[in-house]
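Trainee: I'd like to go over a predicted model; first the sequence, then the structure.
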Amino acid sequence: MYIAKKIVLNNKTMTVITEDELWRMYDTKNMMDDVCVEKGEYVYPVYSQYRQDVPSACVNGAMIIYNHPTTEEDKAEYSISRIIDFSSNNIKSFADHIKMVDAMKTEQSVGLSTLNNALTLPANDYDTPELKVIKEAINAKRIDADAYKDKFPSNSDFNNDMRALKNTSNHTISFFKAKRILKSFDIEAELIIRDQEGATNPIGKEFKIILTEED
């Protein structure tokens, strides 16, 4: 199911749906991840259980229970005015589409700033050089890893990759996984092939490729 409306909340790009769409998802047992309901002047992230600590929506039997925003900060954060609408009713030209894409990128970049509680991956003397330098690069960004979750191909890729990076008993990384992780964290990686000093039958030239370019 394609839903055209998006909003960035708590560093997540979320899909905005109507109450009718929420009921259809529940009826067909086809609930999407990271969705929120548009109702009145606000959007409400959908949780499996009722939450009093944040603006939210929860299906309880035959009704949807809402916890409404009360503070001025939450009212601004969860306002429908922040919705980015990619629907055909809102986009009449390619220029309109580019404008919406730029707006989405701006919203997403807000949550990718430096944090005091930044992700710190464990260093280990047994790590291979390639794993060590990848960890060092990610640590140097000083970021909240969850803010980059939507940049990974899937939630399972993000969870598995983060588990592997944090595992102190894991000391290697595959070429494929290294490319995916670096690209998802907005890090460019370059492969350079050239002769070793004093090489027999030298290549005589240098080859370069950006590993993290689009496939």
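Mentor: Okay, I see it. Residues are numbered from 1 along each chain as shown.
Trainee: going forward, measure contacts between C-alpha atoms and count neighbours the same way
Mentor: Fine.
Trainee: got a pLDDT number for the spatially most central residue of the chain?
Mentor: Centroid-nearest residue in the chain, with Cα atoms, centre = their mean: residue 150, separated by 2.0 Å. We have a pLDDT of 83 for residue 150.
Trainee: From the chain's centroid, how far away is the biggest helix by length in the chain?
Mentor: In the chain, with assignment by DSSP state H, the single longest helix is helix 94-110. How far helix 94-110 lies from its chain's middle: 16 Å, per Cα atoms, centre = their mean, to the nearest Å.
Trainee: C-terminal to it, which secondary structure element comes first?
Mentor: Note on helix 94-110: by DSSP states H and E, the next helix or strand toward the C-terminus is helix 129-141.
Trainee: after that next one, next one along is what?
Mentor: Heading C-terminal from helix 129-141, the first helix or strand you meet, by DSSP H and E, is helix 155-166.
Trainee: Could you tell me the angle between that next one and helix 129-141?
Mentor: Here the directions of helix 155-166 and helix 129-141 differ by 100 degrees (axes from the mean of the first three to the mean of the last three Cα atoms, to 10 degrees).
Trainee: quick one, the next helix or strand after helix 155-166 and helix 155-166 angle?
Mentor: Proceeding N to C from helix 155-166, the next assigned helix or strand is helix 175-184, under DSSP H and E. Counting by the same axes, to 10 degrees, helix 175-184 lies at 100 degrees to helix 155-166.
Trainee: in helix 175-184, what's buried?
Mentor: 178-184 (16 or more other Cα atoms under 10 Å).
Trainee: Could you identify the most distant pair in the residues you listed?
Mentor: For those, the farthest-apart pair by Cα to Cα is 178 and 184; their separation is 9.9 Å.
Trainee: Least confident secondary structure element in this structure?
Mentor: helix 94-110 (a mean of 75; mean pLDDT, DSSP states H and E).
Trainee: helices and strands around that one, which ones?
Mentor: On a contact count with 3 or more Cα pairs under 8 Å, 6 or more residues apart in numbering; DSSP states H and E, helix 94-110 meets strand 5-9, strand 84-85.
Trainee: Okay, now the sheet partners of the very next helix or strand once past the first one, with direction.
Mentor: In this case it means strand 5-9. Where DSSP H and E defines the elements, the next helix or strand beyond strand 5-9 is strand 12-17. Each strand paired with strand 12-17, and its direction, by DSSP bridges: strand 5-9 (antiparallel), strand 35-39 (parallel).
Trainee: tell me how far the last one is from the chain's mean position?
Mentor: Read that as strand 35-39. Chain-centre distance of strand 35-39: 19 Å, with Cα atoms, centre = their mean.
Trainee: same question, the first one
Mentor: In this view, strand 5-9 has its centroid 12 Å away from the chain centroid, taken as Cα atoms, centre = their mean.
Trainee: Any chance of the helices and strands packed on helix 94-110 in JSON lines with mean neighbour count as columns?
Mentor: Formatted as JSON lines, these follow (neighbours: other Cα atoms under 10 Å):
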{"stretch": "strand 5-9", "mean neighbour count": "20"}
{"stretch": "strand 84-85", "mean neighbour count": "20"}
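Trainee: Figure out which of the ones you listed is closest to residue 127.
Mentor: From the helices and strands packed on helix 94-110, taking Cα to Cα, the stretch that ends up closest is strand 5-9, at 35.9 Å.
Trainee: So for the closest one, mean pLDDT?
Mentor: 88.
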